[in-house]
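Participant: With the sequence up front, the predicted model follows.
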Amino acid sequence: MSAALPLDVPPPPVSVVGIGADGWSGLSGGARAALREAEVVIGGARQLELLPPECAGVRVAWPSPLRPAVPRLLAEHRERRIAVLASGDPMFYGIGRALAEELGPEALWVLPHPSSVSYACARLGWPLEDTEVVTLVGRAAARLAASLHEGRRLLVLSADASTPATVAALLTAHGFGPSRLRVLEQLGSEAEAYADGTAETWTHAPGDRLNVIAIECRASADALRLGTVPGLPDEAYEHDGQLTKRHIRAATLATLAPAPGELLWDVGGGSGSIAIEWMRAHGSCRAVSVERDPARAERITRNADRLGVPGLRVVTGPAPSSLSELDVPDAVFIGGGLTAPGLLDACWEALRPGGRLVANTVTLESEALLGERYRSYGGELTRLVVAHAVPVGGFTGWRQAMPVTQWSVRKPSVSGDRT
């Protein structure tokens, strides 16, 4: 753990000052001093308007899009004392992240203000540590769907004044129409305002663009229950029969073992179920689904949106030719096209050292190929068999699905490592 800076050491050249809807009056003495001393103040137009005349530095408003402009504006003013204004806590979904990535954290002096999330929890009486936060600022609203569970409390960071209505419609479409919604506007200022209702009856007109949405999730009686572990119900997916069925999917995801930040290639995506549930495992998991059939590729995108992972990248085209420009994967799943010339070799070569490869098949031809690779590379060769109880006349019997042969293997991370 690094020691605190001595008091006689001057702050770094770029001060990052969090400011709330209460403006100048809500800032600490240190934050005010940083803004008074700055020769250049960079921030959003709304934030810059909150500063009094005594902040005499040149005021520069962020352009849109913001992120590409960060290095240019910092370079233009690098010889001057810079202060950057941020909403609330700069390091919580704020500009602080981009500045730290650009300059390094040692070049910043961050002066945080209570975030809108802290204010919202204070007003609602919700424990902050038990409240999930979903931001829709610059992100698709569909990502909220992955967080909808009976009894959960969510705070949504709105993109603008239209976000509450968008959220209400999404909740209703996903079977969470009875959920209570409260919109909290201008938190921390004298103009705080609130709107209350349920998703399915939401009729409030758009209010202030600076708002946070509090959701108490309540599912309707007929809502499809979606858990947090792999193996979602098959009916959660739109498909044409090309779907890794629930029990096989759960076993496959357990073998793939997704971890935060990892990238999966889902080759022969079908309905996208493996890639989708990989991404649902953690908010930072990434996936690319490769599907040669355009209709199925569009279906994968719809499934990803509906199940809360709109960030799934879908590549339409045949493998292995469609794999060459993709980022290096941490894991590869091959659910179709195993006999395509060069596919297994291309996936193995692309896989990072220590990465995992899992391939499923139901055909004898592909099974023979997997048996050959098992003898060459090791790993595990598994037969997965699932049977379901069905009526047999007036009795009940078992109907067995086609058995699935699965080969799983880890690529050696060091010479001689064979798992």
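Facilitator: Thanks, I have the structure now. Residues are numbered from 1 along each chain as shown.
Participant: Phi and psi next, for the nearest residue to Arg81 once chain neighbours are set aside.
Facilitator: Nearest residue to Arg81, sequence neighbours excluded (CB to CB, 6 or more residues apart in numbering): Glu39, at 4.6 Å. To be clear about C-beta, it is placed using only N, CA and C from the backbone, and glycine gets the same treatment. Dihedral angles of Glu39 (phi, psi; degrees, to the nearest 10) stand at phi -90, psi -20.
Participant: how close does Glu39 get to Val60?
Facilitator: 11 Å (CB to CB, to the nearest Å).
Participant: Could you do Val137 as well?
Facilitator: Taken as CB to CB, the span from Val137 to Val60 is 21 Å.
Participant: who has more neighbours, these two?
Facilitator: Val60 (17 against 13; other CB atoms under 10 Å).
Participant: Can you point out the buried residues in the helix or strand in which the more buried one is found?
Facilitator: For Val60, the host element (DSSP states H and E) is strand 58-61. For strand 58-61, the neighbour count (16 or more other CB atoms under 10 Å) marks Arg59, Val60 as buried.
Participant: go on, stretch 27-42?
Facilitator: Here stretch 27-42 shows Leu27, Ala31, Arg32, Ala34, Leu35, Ala38, Val40, Val41, Ile42 as buried, counting by 16+ other CB under 10 Å.
Participant: Just flag the most distant two among those.
Facilitator: Leu27 and Val40 (18.0 Å; CB to CB).
Participant: before we move on, the earlier item: if we only consider the buried residues of stretch 27-42, which is nearest to Gly231?
Facilitator: Proximity of the buried residues of stretch 27-42 to Gly231 was ranked by CB to CB; the top entry is Ile42 with 48.1 Å.
Participant: ok, Val386 - how many residues close by?
Facilitator: Quick note: Val386 (other CB under 10 Å) scores 15 neighbours.
Participant: for the one 10 residues further on, same thing?
Facilitator: A count of neighbours around Thr396, defined by other CB under 10 Å, yields 9.
Participant: Just the helices from the stretch 251-400 of the chain, written as ranges.
Facilitator: Ranges of helices in the stretch 251-400 of the chain, per DSSP state H, counting those that start in this stretch, are 273-280, 294-306, 343-350, 364-377.
Participant: other SSEs contacting the second one?
Facilitator: Taking 3 or more CB pairs under 8 Å, 6 or more residues apart in numbering; DSSP states H and E as the contact definition, the neighbouring helices and strands of helix 294-306 are helix 273-280, strand 286-291, strand 313-316.
Participant: Kindly report the same for the last one.
Facilitator: Identification of packing neighbours for helix 364-377 by 3+ CB pairs under 8 Å, 6+ apart yields helix 343-350, strand 356-361, strand 380-384, strand 404-410.
Participant: Out of these, the one nearest Ala168 is which?
Facilitator: Each of these was scored for nearness to Ala168 using CB to CB, and the closest is strand 356-361 (39.7 Å).
Participant: What residues of that closest one count as buried?
Facilitator: For strand 356-361, by 16+ other CB under 10 Å, it's Arg356, Leu357, Val358, Ala359, Asn360, Thr361.
Participant: before we move on, what about stretch 375-383?
Facilitator: When neighbours are counted by 16+ other CB under 10 Å, the buried residues of stretch 375-383 are found to be Tyr377, Gly379, Leu381.
Participant: Torsion angles phi and psi at the residue nearest to Ala340 when sequence neighbours are not counted?
Facilitator: If the residues on either side of it in the chain are set aside, Ala340 comes closest to Ala319, at 6.4 Å by CB to CB, 6+ apart. Main-chain torsions, Ala319, degrees, to the nearest 10: phi -100, psi 140.
Participant: ok, Ala319 touching Leu338?
Facilitator: No: Ala319 lies out of contact with Leu338 (CB atoms under 8 Å); the separation is 10.0 Å.
Participant: can you redo the helices and strands packed on helix 294-306 as TSV with mean neighbour count, distance to Glu192 and mean pLDDT?
Facilitator: Below are those laid out as TSV (neighbours: other CB atoms under 10 Å; distance: least, CB to CB, whole Å; pLDDT from 0 to 100):
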stretch	mean neighbour count	distance to Glu192	mean pLDDT
helix 273-280	28	35	98
strand 286-291	26	38	97
strand 313-316	19	40	98
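Participant: looking at these, which is closest to Glu235?
Facilitator: Closest among the helices and strands packed on helix 294-306, using CB to CB: helix 273-280, at 11.8 Å.
Participant: That closest one vs strand 286-291, what angle?
Facilitator: Interaxial angle of helix 273-280 relative to strand 286-291 (axes from the mean of the first three to the mean of the last three CA atoms, to 10 degrees): 170 degrees.
Participant: quick check: mean pLDDT across stretch 408-417?
Facilitator: Stretch 408-417 comes out with an average pLDDT of 79.
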